[in-house]
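K.L.:
build me a model from this:
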Amino acid sequence: MKKTIIFGATSAIAQETAKILAQNGHALFLVGRNKEKLKIIADDLSVRGAHKIITSTVDINNTSEHSAIIQNAIDEMNGLDIALIAHGTLSNQKACEISYTEAYTEFKTNCLSAISLLTLIANHFEQQASGTIIAISSVAGDRGRQSNYVYGSAKAAISIFLQGLRNRLHKKNVRVITIKPGFVDTPMTKDFEKGILWADPSVIAQGIIKAIEKKMDVVYLPWFWRYIMAVIKLIPERLFKRLSL
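P.N.:
As a prediction, the model looks like this:
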């Protein structure tokens, strides 16, 4: 029986991933901001077969609480095998361009808070010489675009941080998996016009489970985003800066 902690457990991708983990009999420690929503999710996961479910309500930006949350999860579940970091916000690019405070707040949520969690979890898994870390980055971090470069730069930083962790922890029998979704149809993107490149959260969740089972490193979801981003990264900067992306 695996013991898994999920940060940002109320997000659409996290919920769909938790459903699969519950069906596989995992013990789940769910961390989120909304107590009522966490309870609804926990009740659903219990019906789906989760071995044990514990919830914790917290503002993830309050990094001073991170150590206590992780230790509580370890104590309550008598250990920890998997950590999924799935929290985040979709930045208001225009507001961030005007205000450093707005930009910093978004960067703290999408990058700094995750780095805090990753540091603590990595140290625990390194000490026990086992464990799997999965963190959701984004294809937006592969190249800076005028439409979302604050969000993209935060995700770029997370991707590089995860790459360094992966290199550091490889010999310690700890897996570090970077998930890079493309466009996902979630409540966070409800105001966007959808097209053929958009994916359902359940598709991303299935990809995350596959990445865990196959011990993968960097995963683009759906798979075709790897090739889309490969092309985008090849565009010379002198041309790229002229594009309205």
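K.L.:
how far off centre is the lengthiest strand in the chain?
P.N.:
Assignment by DSSP state E gives strand 174-181 as the longest strand of the chain. In this view, strand 174-181 has its centroid 9 Å away from the chain centroid, taken as Cα atoms, centre = their mean, to the nearest Å.
K.L.:
by contact count, what packs against the helix or strand just after that strand?
P.N.:
Later in the chain than strand 174-181, the nearest helix or strand by DSSP states H and E is helix 201-213. Judged by 3 or more Cβ pairs under 8 Å, 6 or more residues apart in numbering; DSSP states H and E, the packing partners of helix 201-213 are helix 12-23, strand 131-136, strand 174-181, strand 218-221. The way it works is simple: take the backbone N, C-alpha and C, and place the C-beta from them, glycine included.
K.L.:
show me what counts as buried in the first one.
P.N.:
When you say that, I think you mean helix 12-23. Using 16 or more other Cβ atoms under 10 Å as the test for burial, helix 12-23 gives 12-22.
K.L.:
cool, and the second one?
P.N.:
Neighbour-count burial for strand 131-136 flags 131-136 (criterion: 16+ other Cβ under 10 Å).
K.L.:
now, among the residues you listed, which is nearest to residue 37?
P.N.:
Nearest to residue 37 out of the buried residues of strand 131-136 is residue 136 (Cβ to Cβ; 18.6 Å).
K.L.:
identify all contacting residues around stretch 36-43.
P.N.:
9-10, 15, 18, 28, 30, 32, 53, 55, 57 (Cβ atoms under 8 Å, 6 or more residues apart in numbering).
K.L.:
show me where the chain has strands.
P.N.:
For the chain, applying DSSP E gives strands covering 3-7, 27-32, 52-57, 82-85, 131-136, 174-181, 218-221.
K.L.:
nearest to residue 76, out of those strands?
P.N.:
Ranking those by proximity to residue 76 (Cβ to Cβ) places strand 52-57 first, at 5.1 Å.
K.L.:
state the distance from the residue nearest to residue 121 when sequence neighbours are not counted to residue 69.
P.N.:
Nearest residue to residue 121 in three dimensions, chain neighbours excluded: residue 83, at 4.7 Å (Cβ to Cβ, 6 or more residues apart in numbering). For residue 83, the distance to residue 69 equals 11 Å [Cβ to Cβ, to the nearest Å].
K.L.:
the more surrounded of those two?
P.N.:
residue 83 (25 against 19; other Cβ atoms under 10 Å).
K.L.:
is the more buried one in a bridge, and if so with what?
P.N.:
Beta-bridge pairing of residue 83 under DSSP bridges involves residue 5, residue 133.
K.L.:
OK, contacts around it?
P.N.:
The neighbours of residue 83, taking Cβ under 8 Å, 6+ apart as the test, are 4-7, 117, 121, 125, 131-134.
K.L.:
in JSON lines, list those along with distance to residue 198 and pLDDT.
P.N.:
Converted to JSON lines, the contacts of residue 83 look like this (distance: Cβ to Cβ, whole Å; pLDDT from 0 to 100):
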{"residue": "4", "distance to residue 198": "27", "pLDDT": "98"}
{"residue": "5", "distance to residue 198": "29", "pLDDT": "98"}
{"residue": "6", "distance to residue 198": "23", "pLDDT": "98"}
{"residue": "7", "distance to residue 198": "24", "pLDDT": "98"}
{"residue": "117", "distance to residue 198": "28", "pLDDT": "98"}
{"residue": "121", "distance to residue 198": "31", "pLDDT": "98"}
{"residue": "125", "distance to residue 198": "34", "pLDDT": "98"}
{"residue": "131", "distance to residue 198": "33", "pLDDT": "98"}
{"residue": "132", "distance to residue 198": "28", "pLDDT": "98"}
{"residue": "133", "distance to residue 198": "27", "pLDDT": "98"}
{"residue": "134", "distance to residue 198": "22", "pLDDT": "98"}
